[in-house]
Structure formats: structure tokens, C-alpha cells
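> this is a predicted model, with the sequence first.
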Amino acid sequence: MKKLLLTFLAGITLISCNEDKKKEVTPEENPNLEVHEKIAMVNGFEEFDSIKKIKFTFNVKVNDSIRSERRWNWNVDTDRISLTENDSVMSYTRKDSLADDKKYIDQRFVNDSYWLLFPFQLKWSLADLSEPKKATAPISGDEMQMLTVSYPEDGGYTPGDSYDIYFDDEFMIREWVYKSSDGGREMATTWEDYKDFKGIKIATMHKSKDDSFELFFDDISVE
């Protein structure tokens, strides 16, 4: 479980770009977009440039026990990030060189924001992307499109991990399967309870097939 919750890759940059916000174009209006770009777009990728701050709480529940509860305050403009956990508050700036004492918060922010904004990582990251194909989703059993996202073997906190993502005809992710780089762990979860925050769509709930594992977000605020 620890490895699952520390997913990272070299090259992720979670910062707002300074380009002027472009007119939103739907995937239907631009059929030349690649599949991963369509997934990012329908989830509000082009709206991210206008976002100044994001607050959210990342929660993990296993059976009836809350294993993680981390409250984040992210200033997107400055990349200043604060974490409240177990009544302790710590902060750092991701643009600065990371001292050893800041790696604790950085690892957790990378993981938690990765779950929060994974569709955007398809544009931001250096992952290898497979060609999409029809496949049976592992939890619902529905036929969907499936795309495999594979990360480099070096760099980052847990290199070499991969995901099979299952998405519908609207390019919304509905399920995924995490696969550790050593082949020793797989975990499938849903993507559900999508909510819209200033045009950015966030799946606020992820569950295992037997509901024994839940990863969910609450207290989300986007400015």
C-alpha cells in the first residue's frame, strides 16, 4: 500500500503556465487530438491556467479504518504548498531545491495531487502511452477503451510503475489498474463521483471492487 501511495515520475511539473488562456476546444471539434489529450481536455485542462489556489483533503480508508487524512493548501502561482496532518502544519515551495527535511511533504504532495489531477498528468508527464484498445474493465465488467500509461525506469520516487486506464466514450476515466514496477502488486479502483470545480472535473471517490479500500477527496476548493 505504501508504494501505491507514493507514485511519482521524473518530469512531472505541477505549475501553472504563463501563456494566455486559450479558447476551449472540445475533442469533437478537434479530432486531431490524441486520446490522452482528449482525456485531459474533457477534464478541464485548459481551465487550469486560470486557477490560483487549490485546497483539498486526501483520505484513505481501509475497511473501517482511516489510514491517511492530509489537508493541502496549494498556491498554484507560487507553487507554495502547505500540509496539515495530525495537527501538524508544514510547508515548502516545489520550485526550490528540496532539502532532506522537505522530502516527506514533497512525496505526499506528489502522490496526493497525482490522484487529484491524473488526467492532466497525461499532458504533463514523460510517460509512455500505448495505443488505445477495447478491453473489459476489471471492476464493472463493462467494455471500455483502455490505455496503458508507463513511467520511466529511473528518476522519481517509484520509477517504472504503470497504469491501465479505462475510459468511456466521453473520454472520462472510470477505472484504472495500478501495477508496481516489480510486478508484485496490482490494484484496481474506480473513478467516480465526479464534481466540477471552476471547469475542472475531479473524481472525488476511488474504490476497490470489494469496497475494502477507499481513496477519496473532500473539502475541495478551487479559486
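Here it is on my side, so go on.
> quick check: the gap between Tyr92 and Tyr104.
10 Å (CB to CB, to the nearest Å). Every residue, glycine included, has its C-beta placed from N, CA and C.
> please disregard the earlier target; I meant Tyr166.
33 Å.
> and those two? Which one has more around it.
Tyr166 (25 against 13; other CB atoms under 10 Å).
> pretty sure that one contacts Thr189?
No - taking contacts as CB atoms under 8 Å, Tyr166 lies outside contact range of Thr189: 10.8 Å.
> joint contacts of the two?
Here Tyr166 and Thr189 have Glu175, Trp176 as joint contacts, going by CB atoms under 8 Å, 6 or more residues apart in numbering.
> packing partners of the lengthiest helix in the chain?
Longest helix of the chain, by residue count under DSSP state H: helix 103-116. With contacts taken as 3 or more CB pairs under 8 Å, 6 or more residues apart in numbering; DSSP states H and E, helix 103-116 sits against strand 53-62, strand 65-75, strand 80-85, strand 88-93, strand 213-222.
> show me the shaky parts of the protein.
Residues of the chain meeting the criterion pLDDT under 70: 1-31, 96-97, 155-158.
> switch the cut-off to 50
Counting by pLDDT under 50, the chain has low-confidence residues at 1-24.
> what sits against Phe171?
Pro27, Val35, Lys38, Ile39, Met41, Val42.
> compare those and tell me which is most surrounded.
Highest neighbour count within these: Ile39, with 26 neighbours (other CB under 10 Å).
> helix/strand/coil for that residue?
Secondary structure, DSSP: H, G, I helix; E, B strand; the rest coil: Ile39 is helix.
> likewise Ala135?
Ala135 ends up strand, using three-state DSSP.
> which residue is the nearest non-sequential neighbour of it?
Residue nearest to Ala135 in three dimensions, not counting chain neighbours: Met146, with 3.7 Å by CB to CB, 6 or more residues apart in numbering.
> that neighbour bridge partners, please.
Bridge pairing for Met146 (DSSP bridges) gives the partners Lys133, Tyr166.
> then Ala203?
Bridge pairing for Ala203 - DSSP bridges - gives Tyr194.
> now stretch 165-183: buried residues?
Ile165, Tyr166, Phe167, Phe171, Ile173, Arg174, Glu175, Trp176, Val177, Tyr178, Lys179, Ser180 (16 or more other CB atoms under 10 Å).
> among the residues you listed, which are located in helices?
Per DSSP H, those never map to helices.
> now compare those and name the two farthest from each other.
Within the buried residues of stretch 165-183, Phe171 and Ser180 form the most distant pair, 26.6 Å apart (CB to CB).
> secondary structure class for Gly183?
Assignment for Gly183 (three-state DSSP): coil.
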